[in-house]
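Chemist: with the input below, show me the fold.
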Amino acid sequence: MKHPIILAALLAFAFSGLNACSKKEEAAVPEAPQLSKGVGPVTSVALGPVDAARAAKGKQLFESKCAACHKLDEKYVGPAIKGVTQRRSPEWIMNMIMNPQEMTEKDPTARELLATYFTQMTFQNVTQDEARDILEYFRKTDE
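Modeler: As a prediction, this is how the structure comes out:
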């Protein structure tokens, strides 16, 4: 009679260990991080294929309003732009372009950028439509 009781106890112990392992595995799978939309008027951006005409306008706007502080492939006065569409949400990018002062006051990522680069991104009076064109340019460069 002792052997069946010992066997049952060992099986119960082994099962509890397996159950604990499976719970650890479940807990170890992180959820994908939700990208911040930032602070500003843009709360939703519907993306489709890159719009070449908008990207061309965006390139001109970037060169006239942004290129003094931002380069595509290198850190300059501000961060390199290459890959920004993989690091930030479209809404965050547009809000930062249009609303840099409030973003650095209220958005944690924008505050970190200010602390890293020591330069407040200047307000360039970019409209929402122009910011969307610049976003398309960034998307095209990141393809």
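
Chemist: which segments of the chain make up each domain?
Modeler: 1-30, 52-141 (automatic domain parsing).

Chemist: list the buried residues for the helix or strand containing Phe138?
Modeler: Using DSSP states H and E, Phe138 sits in helix 128-141. Buried residues in helix 128-141, counted by 16 or more other Cβ atoms under 10 Å: 130-141. Heads up, the C-betas are built off the backbone N, CA and C, glycines and all.

Chemist: rank the domains of the chain by pLDDT, which is bottom?
Modeler: Mean pLDDT across those is lowest at domain 1-30; the value there is a mean of 46.

Chemist: residue nearest the middle of this protein, spatially speaking?
Modeler: Arg88 (2.7 Å; Cα atoms, centre = their mean).

Chemist: how about the helices in this protein?
Modeler: Ranges of helices within the chain are 2-28, 52-61, 84-87, 90-98, 100-106, 108-117, 128-141, based on DSSP state H.

Chemist: contact partners for Ala115?
Modeler: Shown in contact with Ala115 (Cβ atoms under 8 Å, 6 or more residues apart in numbering): no residues.

Chemist: distance-wise, check it relative to Glu91.
Modeler: Relative to Glu91, Ala115 is positioned 22 Å away (Cβ to Cβ, to the nearest Å).

Chemist: same check on Gly78?
Modeler: For Gly78, the distance to Glu91 (Cβ to Cβ) stands at 19 Å.

Chemist: and for the closest residue to Thr85 other than its chain neighbours, the neighbour number?
Modeler: Closest residue to Thr85 apart from its sequence neighbours, by Cβ to Cβ, 6 or more residues apart in numbering: Asp142 at 4.5 Å. The number of residues packed near Asp142 is 15, by other Cβ atoms under 10 Å.

Chemist: ok, Asp142 touching Lys82?
Modeler: Yes. In this structure, Asp142 is within contact of Lys82 by Cβ atoms under 8 Å, at 6.9 Å.

Chemist: need the contact list for Glu112.
Modeler: Applying Cβ under 8 Å, 6+ apart, no residues contact Glu112.

Chemist: what do you get for Cys69?
Modeler: Cys69 neighbours (Cβ under 8 Å, 6+ apart): 76-78, 119, 121-122.
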